[in-house]
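Visitor: Pasting a predicted model and its sequence here:
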Amino acid sequence: MRKLMSLMIGFGVGAGVGAALVMLFAPEAGEKVIAELKRGWAETMAEARFASQQRRTELEAQLAANRRLPAPKTPR
């Protein structure tokens with residue numbers, strides 16, 4: 001358990017240092033980077049919602065088709 005906690009802390013510190021270095025040495029202004037990240041996030045969420053709605057429609061159609069099937073006959 002102690003090794004796992006140490007590993008998680010190491011990843012967290014590494015991610016923090018990496019993020020700080022990226023922000024310091026990024027070739028673009030911070031506002032532009034943030035705007036691009038927000039735009040990318042919004043596009044990704046819109047695509048995910050669209051895919052989710054498509055899959056939901058497919059599953060609802062499949063459920064409706066399955067409900068229309070007659071009940072299986074039991075052997076006597």
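Guide: That came through fine. Numbers count the residues shown, from 1 in each chain.
Visitor: Tell me, what's the model's pLDDT at residue 35?
Guide: Looking at residue 35, its pLDDT is 90.
Visitor: Tell me how many other residues crowd it.
Guide: Residues contacting residue 35 under the criterion other Cβ atoms under 10 Å number 12. The C-beta positions use only the backbone N, C-alpha and C, and glycine is treated the same way.
Visitor: if I look at it, how far off is residue 24?
Guide: Residue 35 is 19 Å from residue 24, where distance means Cβ to Cβ, to the nearest Å.
Visitor: Could you do residue 52 as well?
Guide: From residue 52 to residue 24 the distance is 37 Å (Cβ to Cβ).
Visitor: Likewise for residue 5?
Guide: Residue 5 is 29 Å from residue 24, by Cβ to Cβ.
Visitor: which residues are in contact with the strand or helix carrying residue 3?
Guide: Secondary structure assignment for residue 3, by DSSP states H and E: helix 2-25. Contacts of helix 2-25 with the rest of the structure, by Cβ atoms under 8 Å, 6 or more residues apart in numbering, involve 30, 33.
Visitor: let's go with 10 Å and repeat that
Guide: 30, 33, 34 (Cβ atoms under 10 Å, 6 or more residues apart in numbering).
Visitor: Between these, which sits nearest residue 48?
Guide: Within the contacts of helix 2-25, the smallest distance to residue 48 is 20.9 Å, found for residue 34 (Cβ to Cβ).
Visitor: what's near enough to touch the closest one?
Guide: Counting by Cβ under 10 Å, 6+ apart, residue 34 has contacts 23, 28.
Visitor: any idea whether it is helix, strand or coil?
Guide: helix (DSSP: H, G, I helix; E, B strand; the rest coil).
Visitor: ends of stretch 21-36, how far apart?
Guide: Distance across stretch 21-36, first residue to last, is 18 Å (Cα to Cα, to the nearest Å).
Visitor: which of the residues in it are buried?
Guide: Judged by neighbour count using 16 or more other Cβ atoms under 10 Å, stretch 21-36 contains no buried positions.
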